[in-house]
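In: Could you work out the structure for the sequence below:
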Amino acid sequence: AAGGAGGGVLFLASRASGSLRVDSSTPEGFVRSGRDALGVVAPHLSTLAQQIVVAHAAFESGWGKSIPARLGANLFNVTRARGDSRPVIESGDQECDAAGVCRPIVQRFAKYGSVAEGLADYFRLLSGGRYAPALRALEAGDSTLFVTRLREGGYFTLPLSDYQTRFAGVLAGVKKRWAS
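Out: So this is what the prediction gives:
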């Protein structure tokens, strides 16, 4: 069940070593370090589900090179609402309307003290409320449904077909590099 698996991920991620690091020097290093981190914090996820998580992190963080990833251990572009007192990094982003017209905005990205803290918050976010259907799709290893459920929950505003196409390319790259 999604709740049980999500709870297991939260338990492990919240107790994971602060020494988890993501190598953003190359896509190969990113995949290897992401795979190793998920082996610690989410060992119950299937290989395919772990690949989807690493692809999501790679897609959202530009293979770990984005400002939120570099300065705040935020690999998934998790944001904070105004009035949320937790640490943030303000950085450029884009927001798209229903017609697919995108405009630049300044976004309040969550700032974490460690990769483990960022992973814990990511799985906490997926474990409840509007993103729970995405977690179920992730656990089933269905990347297309995962992205669709993220969009339905409001995780991103990019047109779904654009996100799906780009995500599929990143996921193919993750799968190609997984065993190395």
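In: Report how many residues lie close to the nearest residue to Ser46 once chain neighbours are set aside.
Out: The spatially closest residue to Ser46, leaving aside those adjacent along the chain, is Gly141, at 5.6 Å (CB to CB, 6 or more residues apart in numbering). For glycine as for every other residue, the C-beta is placed from the backbone atoms N, C-alpha and C. Applying other CB atoms under 10 Å, we find 16 residues neighbouring Gly141.
In: which residues touch Gly141?
Out: Neighbouring residues of Gly141 by CB atoms under 8 Å, 6 or more residues apart in numbering: 46, 48-49, 52.
In: Can you tell me which of those lies closest to Val31?
Out: Ile52 (12.4 Å; CB to CB).
In: and the closest one, that one's in a strand?
Out: No: Ile52 is assigned helix when assessed by DSSP: H, G, I helix; E, B strand; the rest coil, not a strand.
In: right, and it touches Val147 too?
Out: No: counting by CB atoms under 8 Å, Val147 is not a contact partner of Ile52; they are 9.0 Å apart.
In: Restrict stretch 60-72 to CA atoms and write it as CSV.
Out: This file holds the C-alpha atoms of stretch 60-72, laid out as CSV (Å, rounded to 0.1, in the frame of the first residue of the first chain):
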residue,chain,number,x,y,z
GLU,A,60,14.0,19.0,-11.9
SER,A,61,17.6,19.9,-10.9
GLY,A,62,19.3,19.9,-14.2
TRP,A,63,21.4,16.8,-13.2
GLY,A,64,22.1,18.5,-9.8
LYS,A,65,23.3,21.8,-11.3
SER,A,66,20.3,24.1,-10.5
ILE,A,67,20.6,26.8,-7.8
PRO,A,68,18.2,25.0,-5.4
ALA,A,69,20.1,21.7,-5.8
ARG,A,70,23.6,23.3,-5.3
LEU,A,71,22.7,25.7,-2.6
GLY,A,72,19.9,24.0,-0.8
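In: What residues of it count as buried?
Out: 60-64, 66-69, 72 (16 or more other CB atoms under 10 Å).
In: cool, and stretch 67-87?
Out: 67-69, 72-78, 80.
In: One more: stretch 24-33?
Out: Using 16+ other CB under 10 Å as the test for burial, stretch 24-33 gives 24, 27, 29-33.
In: The nearest residue to Asn74 once chain neighbours are set aside sits in which helix or strand?
Out: Distances taken as CB to CB, 6+ apart put Pro68 closest to Asn74, at 3.9 Å, once the chain neighbours are dropped. Using DSSP states H and E, Pro68 sits within helix 67-72.
In: Equivalent analysis for Ala55, please.
Out: helix 47-61.
In: Tell me where the model's unsure across the protein.
Out: Filtered on pLDDT under 70, the chain yields the residue ranges 1-19.
In: which stretches of it form helices?
Out: For the chain, the helices defined by DSSP state H occupy 2-14, 27-41, 47-61, 67-72, 115-127, 132-139, 143-153, 160-177.
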